[in-house]
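S.K.: Starting from these lines, generate the structure:
(2 chains)
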Amino acid sequence: MVISKATSNSDDFTIHSTFASRYVRASFPRFKMPENSIPKEAAFQIINDELMLDGNPRLNLASFVTTWMEPECDKLIMASINKNYVDMDEYPVTTELQNRCVNMIAHLFNAPLGEAEAAVGVGTVGSSEAIMLAGLAFKRKWQNKRKAEGKPYDKPNIVTGANVQVCWEKFARYFEVELKEVKLREDYLVMDPVKAVEMVDENTICVAAILGSTLNGEFEDVKLLNDLLVEKNKQTGWDTPIHVDAASGGFIAPFLYPELEWDFRLPLVKSINVSGHKYGLVYAGIGWVIWRSKDDLPEELIFHINYLGTDQPTFTLNFSKGSSQVIAQYYQLIRLGFEGYKNVMENCRENMLVLKAGLEQTGRFNIVSKDNGVPLVAFSLKNNSCHDEFEVSDYLRRFGWIVPAYTMPPDAQNVTVLRVVIREDFSRTLAERLVIDIQKVLHELDTLPSKITAKIALNGENADKNVTVVTKKSAIETQREITTVWRKFVMEKKKMNGVC
Amino acid sequence: MVFIIIIYRQGKAKQSNLHSFPLLPSFFLTFLSKRSLFLYIYIFLNFLVKNKLIKEMVITTTIPDSGEQLQPTFASRYVRTAVPKYKMPADPIPKEAAYQIINDELMLDGTPRLNLASFVTTWMEPECEKLMMAAINKNYVDMDEYPVTTELQNRCVNMIARLFNAPVGETDTAVGVGTVGSSEAIMLAGLAFKRKWQTKRKLEGKPYDKPNIVTGANVQVCWEKFARYFEVDLKEVKLSEGYYVMDPVKAVEMVDENTICVAAILGSTLTGEFENVKLLNELLTKKNKETGWDTPIHVDAASGGFIAPFIYPNLEWDFRLPLVKSINVSGHKYGLVYPGVGWVIWRTKEDLPEDLIFHINYLGSDQPTFTLNFSKGSSQIIAQYYQFVRLGFEGYKNVMENCLENARVLKEGIEKTGLFNIVSKEDGVPLVAFSLKDSSKYDVFEISGSLRRFGWIVPAYTMPPNAEHIAVLRVVIREDFSRALAERLISDIEKVMKEMETHPIRVSTKTAHVTATVDETQDGDDGGKKHIKKSARETPEEIATYWRKLVAGKRTGIC
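M.R.: So this is what the prediction gives:
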């Protein structure tokens, strides 16, 4: 039976056209590994095609994470994709590049270092790992101090604003530290330094300030926090330090606001984390944490790996990982230099202003974000009784844009915002295009009655006119109820903290 | 020079001013030395500029300006100056230059493919590389925006759970997550055990501040890390010579009421041996019954998890054993994916405390997450799924069988030299660990050093405490280590051994040389000669001891 043999033979892929082979006809394994192998071309095609349904990363305006790099850097990344970052013995140059990046970033943040002094810091997978490492260092330092004083050390806490990213909550829960959140106000969406310092007690391992709040891009006033805390430390004799979570703002402030004091120029700032994959302009998977000096990183947390005679201290939660991102970060730092980064950031800011002006011109939005800060535009509808921000977000998706809508954290949760992050690759053309598309969406929404209203109104047509009025009223109420439920649901899931 | 002569010949000489310059006849120029010729040209150009015959010194301006596109790559100023090491440079440089500088410096790194030290995958099919490159700008954590990628991750978890015989129904979703590597996986698993134990102790009203974990001394460094960072006491079962894995009997003896779990290793990093999980399970079941405790088992199958199901399907080490509550496996080892992916699978939902899970909702459906990292690339997850569907059970089996076959070939070749003892076992992860029969003249560290000259990276390690006097060379057989490379390695080892046998190592030659001269001058003084010769032999031993000390800390850091 030659024919039946030919179809079941393994080389039928080479004979058939790609989309006629049996591999695209059968349903694909989802729960169990398939029994047999399939040709690599078929595997590629099937996975590639399914991935087409993912959003386009370049049009994803929800995230700070870099989605474009120069082709030259892509080449370097691909060449080092099989290099294990942790094999410092075998790949000494990669390790050296990592150390250089740490030095450069430390200098950028004004760490008190000599010309050729090595800085203390590590490359991580992202700011989450960086924050856990920094938090762990604070916790251990506090524990050691309390142990030395003979005081109890089982109830550590950390003070932050309620606008922190979810990873702080994670750190608190996994490492058994109590998270004390400073509540927000509707007109003040970042941590209030005065309130924060009030919450500090003897068990506080550190106060975490955010440079570039994820919600509206605002910088917290680290300088005021430092001043207040210095005073409190003097009064109480404690030694509460500050950590700055500069995940998104760390590569903005030094270039756009060199006068702003938020970094190691302030004496209480002991560690800073920054995401290389945000405005560090590298693809996802790289973060950095820098300590002020060696004393701020307890020795017992460091694991020493010696490579070819020299000692390489490591402090990470991960072990084996690719080294592409570290190399890419070094590429960006030397390729762009200070001037190049400055140009990119200025450009982002300019595009942000264009977009902001465009949105203001529609007359339908309140701008929630500040001009100074991380280049993003957060805006809410002036009148969301008929259609709300979630609907705008949904409609924009049909044009290809991914613009997320969030509710704000507790005490400001009745504000819903749409957020557009301006990345390096979001050009002026795209900004203008987006304004046009938003106008189209608003137009469309105006012609439509809100979904629920329409449905109930249909039922009401059969009834009396009086009844219709009543149902119509309740229709608005229903919608409000639904919005409240939505908000509650989203609040529970803490979605707005999960932004990246 | 040609340039100037051209200007000269293009009629500029006719202009009146030029006559005031002492122009030499062109044939005369050939008599001048190089230096004086340049000086002459310089004076001539200066003269031209002064007399506004040409606007400026054209030649000098071409070097530093944007004309660098004309410069050959290795003559541009960027390769002439030192690369910035401590401070960000002030100005940008062209992307080609940046690429070349970094690329060239990276040439000095070892070649990953020839790195026989590591289990981590160094080769994948070009089709998969294409998929990875396409997904490199996709953030794995944006589940809302990239639902398909999330779905692929869940499928991988399901497939691995079923491979490990997790008790789940046909279309039930398994409980597990993708991680950056086994380190993260182990920390998550350990954290789950710790939290579960704490909750239990709290309910019983007993103290819960002194948790401990029992493992063999052969564990990877990440267990030590977990213990130190999460404040758990690490109780290590000591090894003994000839038995380089955890002894289940001793391990169970060490278990007490504060033990959050016993960690067994499937594929010890040192010898590739599988620990006897089945025996451990039986002994622990008995102990649990006697004491009323509920001590669970975690299996660290970082390297063995993708070997055992294909090669030893009858070996019981996974969720078939009732006390095994979680298993971690490295996707970037025998899962055949580039570094940056690991997996941890829990037996059931109950084994993962709810309060450790963070819920992210995406488009209405709930996606629970449990990770230490947040944003990261999604290439590795997609690559793992590619390998699963591309290779299937059959493909993985073929690859693993091939690895074992090559390990056997290499082992036989090494045995044939007659100079080595094989330390690794036949069954287990495909690696060959071997030690020198006689290390009085030279030791394995020198062999490792000599092999580097041929391009091979073959690490030498000392064993953990209680067996630390044994040093081994370890060759890991990966998918891409073909038969041809195995044979090549054997012949290179033979060459190195021949060299070692005929020429004693450098340090001793030097001393031996000194000995010889001393010998000649102090004719007949037997005592002195013997003394020096003895010390000559001692020197390499001392060096070896020093080396061992240096490397001692390193051996757990292997991957």
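
S.K.: What pLDDT does the model give B:D172?
M.R.: B:D172 is assigned a pLDDT of 85 by the prediction.

S.K.: Let me fix that, I meant to ask about A:M408.
M.R.: Per-residue confidence (pLDDT) for A:M408: 74.

S.K.: so how far is chain A from the residue most central in space within chain B?
M.R.: With distances taken as C-alpha atoms, centre = their mean, B:S118 lies nearest the centre of chain B, 5.4 Å away. Taking C-beta to the nearest C-beta, to the nearest Å as the criterion, B:S118 is separated from chain A by 6 Å. (Glycine included, C-beta is placed from N, CA and C.)

S.K.: Could you do B:E253 as well?
M.R.: 29 Å.

S.K.: For the helix or strand encompassing that residue, which helices and strands make contact with it?
M.R.: B:E253 belongs to helix B:248-254 when assigned by DSSP states H and E. Packed against helix B:248-254, as judged by 3 or more C-beta pairs under 8 Å, 6 or more residues apart in numbering or on different chains; DSSP states H and E, are the following elements: strand B:212-216, strand B:233-237, strand B:259-265, helix B:277-291.

S.K.: one more time with 6 Å
M.R.: The criterion is 3 or more C-beta pairs under 6 Å, 6 or more residues apart in numbering or on different chains; DSSP states H and E, and the helices and strands that helix B:248-254 contacts are strand B:233-237, helix B:277-291.

S.K.: orientation of the last one relative to strand B:259-265 in degrees?
M.R.: Angle between the axes of helix B:277-291 and strand B:259-265 is 160 degrees (criterion: axes from the mean of the first three to the mean of the last three C-alpha atoms, to 10 degrees).

S.K.: Tell me what angle helix B:277-291 forms with strand B:212-216.
M.R.: Relative orientation of helix B:277-291 versus strand B:212-216 (the same axes, to 10 degrees): 150 degrees.

S.K.: who's in contact with the following helix or strand past helix B:277-291?
M.R.: Where DSSP H and E defines the elements, the next helix or strand beyond helix B:277-291 is strand B:297-300. Applying C-beta atoms under 6 Å, 6 or more residues apart in numbering or on different chains, the contact partners of strand B:297-300 are B:189, B:261-266, B:323-324, B:326-328.

S.K.: Does at least one residue of the longest helix seen in chain A sit close to chain B?
M.R.: Longest helix of chain A, by residue count under DSSP state H: helix A:324-362. Yes. Counting by C-beta under 6 Å from any C-beta of the partner chain, chain B has neighbours in helix A:324-362: A:331, A:333-340.

S.K.: Which neighbours in the sheet does the helix or strand just after that helix have, and how are they oriented?
M.R.: As assigned by DSSP H and E, the chain's next helix or strand after helix A:324-362 is strand A:365-367. Under the criterion DSSP bridges, strand A:365-367 sits next to strand A:376-381 (antiparallel) in its sheet.

S.K.: From the chain's centroid, how far away is stretch B:328-342?
M.R.: Taking C-alpha atoms, centre = their mean, to the nearest Å, the mean C-alpha location of stretch B:328-342 is offset from the chain mean by 12 Å.

S.K.: Count residues in the vicinity of A:I47, would you?
M.R.: Neighbouring residues of A:I47 were enumerated by other C-beta atoms under 10 Å in any protein chain shown; the total is 23.

S.K.: elements contacting the host helix or strand of it?
M.R.: Take DSSP H and E as the rule and A:I47 turns out to sit in helix A:40-51. Contact here means 3+ C-beta pairs under 6 Å, 6+ apart; on that basis helix A:40-51 packs against helix B:379-417.

S.K.: tell me which residues in whichever helix or strand comes after the helix it packs on are buried?
M.R.: Moving toward the C-terminus from helix B:379-417, the next helix or strand (DSSP H and E) is strand B:420-422. In terms of neighbour count (16 or more other C-beta atoms under 10 Å in any protein chain shown), strand B:420-422 has its buried residues at B:420, B:422.

S.K.: Now do the contacts for residue 296.
M.R.: In the absence of a named chain, this looks at chain A. Taking C-beta under 6 Å, 6+ apart as the contact definition, A:D296 lies against A:K270.

S.K.: Oops, wrong one, chain B.
M.R.: Contact criterion C-beta under 6 Å, 6+ apart gives B:261, B:323, B:325 as the residues in contact with B:P296.

S.K.: do that again at 7 Å, thanks
M.R.: B:P296 is in contact with B:193, B:261, B:323, B:325, counting by C-beta atoms under 7 Å, 6 or more residues apart in numbering or on different chains.

S.K.: May I have the phi/psi pair for the first one?
M.R.: Spelled out, that is B:F193. Dihedral angles of B:F193 (phi, psi; degrees, to the nearest 10) stand at phi -60, psi -40.

S.K.: what stretches of the chain score poorly on pLDDT?
M.R.: Picked chain A for this. A:1-16, A:18, A:20, A:24, A:305-312, A:410, A:450-500 (pLDDT under 70).

S.K.: actually it's chain B I care about, not the one you picked
M.R.: Across chain B, the ranges flagged by pLDDT under 70 are B:1-35, B:37, B:45, B:47-71, B:73, B:75, B:79, B:360-367, B:504-559.

S.K.: And the strands in it, which stretches?
M.R.: For chain B, the strands identified by DSSP state E occupy B:175-179, B:212-216, B:233-237, B:259-265, B:297-300, B:324-330, B:342-346, B:358-362, B:365-369, B:420-422, B:431-436, B:460-462, B:471-476, in order along the chain.
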